[in-house]
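[1] no FASTA, just this:
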């Protein structure tokens, strides 16, 4: 069966990458194959996870590429060279510009640790999202997988899953629970949905 080729863009530990690797091994990604992992940091542990899973990886930094425009150009060239169908941002700490997102419209997805439109957009990433949710006093948070466009966290929503906030939660406790109960479940499901859609469109 034809499979959509997936590239995962990472910057850190790669727990969401691991969720995708585990899903593929378990047969939960029948229409996709993890073909490439790209990190914008050479020391990202996600690269170790990719290596352990036998997935090709690459490191691209803005510094090495002479800035953001050069970075995006090199990244786009690499993705096209590897015939990537779907790009998944999994803890990728770099905002992609309008030219790049336009070039791959409908083919980039991101996981965000809140129920968009709450606690999202520029400056909301990592623990900051969970700190904001706790400071605001919401009783329910969660995670969202959405398409990526030129607006940070602004693309069409694909899937969401709620997570209850508990008394005594710290940002760290909440972050872990959102990962376990929402992110690691949602991202493989969304990847499979979008891979199926892309393959259908390619078939015409």
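    Received, thanks. Here the structure is a predicted model, which means the values were calculated and not measured.

[2] show me the contacts for residue 36.
    Taking CB atoms under 8 Å, 6 or more residues apart in numbering, we find residue 36 in contact with 5-8, 55-58, 78-79, 82, 84. In short, each C-beta sits where N, CA and C put it, glycine included.

[3] now the buried members of the residues you listed.
    Buried by 16 or more other CB atoms under 10 Å: 5-8, 55, 57, 79, 84, out of these.

[4] please identify which of the residues you listed is nearest to residue 116.
    Residue 116 has its nearest neighbour among those in residue 8, at 20.5 Å by CB to CB.

[5] in strands, which of the buried ones among the contacts of residue 36 appear?
    5-8, 57 (DSSP state E).

[6] out of the helices and strands in the chain, which is least certain?
    helix 62-65 (a mean of 90; mean pLDDT, DSSP states H and E).

[7] helices or strands up against that helix?
    On a contact count with 3 or more CB pairs under 8 Å, 6 or more residues apart in numbering; DSSP states H and E, helix 62-65 meets helix 68-81.

[8] you'd agree residue 165 is up against residue 136?
    No: between residue 165 and residue 136 there is no contact under CB atoms under 8 Å: 10.2 Å.

[9] these two - which one has more neighbours?
    Higher neighbour count among residue 165 and residue 136: residue 165, with 19 against 10, using other CB atoms under 10 Å.

[10] report pLDDT for the more buried one.
    Looking at residue 165, its pLDDT reads 98.

[11] residue contacts, the nearest residue to residue 71 once chain neighbours are set aside?
    In this structure, residue 71 finds its nearest non-sequential neighbour in residue 65, 4.1 Å apart by CB to CB, 6 or more residues apart in numbering. Counting by CB under 8 Å, 6+ apart, residue 65 touches 71, 73-74.

[12] same deal with residue 158?
    By CB under 8 Å, 6+ apart, the neighbours of residue 158 are 109, 145-147, 190, 193-194.

[13] make TSV from those residues and add neighbour count and secondary structure to it.
    Putting these into TSV (neighbours: other CB atoms under 10 Å; DSSP: H, G, I helix; E, B strand; the rest coil) gives the following:
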residue	neighbour count	secondary structure
109	24	strand
145	27	strand
146	22	strand
147	18	strand
190	22	helix
193	16	helix
194	24	helix
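
[14] need the max-distance pair from those.
    Top of the distance list for those (CB to CB): 146 and 193, 12.3 Å.

[15] if I look at residue 161, how far off is residue 138?
    15 Å (CB to CB, to the nearest Å).

[16] my error: substitute residue 182 in the last question.
    14 Å.

[17] compare the two (neighbour count), which wins?
    More neighbours surround residue 182 than the other of residue 182 and residue 138, with 24 against 14 (other CB under 10 Å).

[18] still on that earlier bit, quick check: the farthest pair among the ones in strands among the buried ones among the contacts of residue 36?
    Applying CB to CB across these, the maximum distance is between 5 and 57, 14.4 Å.

[19] all helices of the chain, in order?
    Applying DSSP state H to the chain gives helices spanning 15-25, 46-52, 62-65, 68-81, 98-103, 127-136, 171-178, 184-203.

[20] tell me the most buried of these?
    helix 15-25 (a mean of 21; mean count of other CB atoms under 10 Å).
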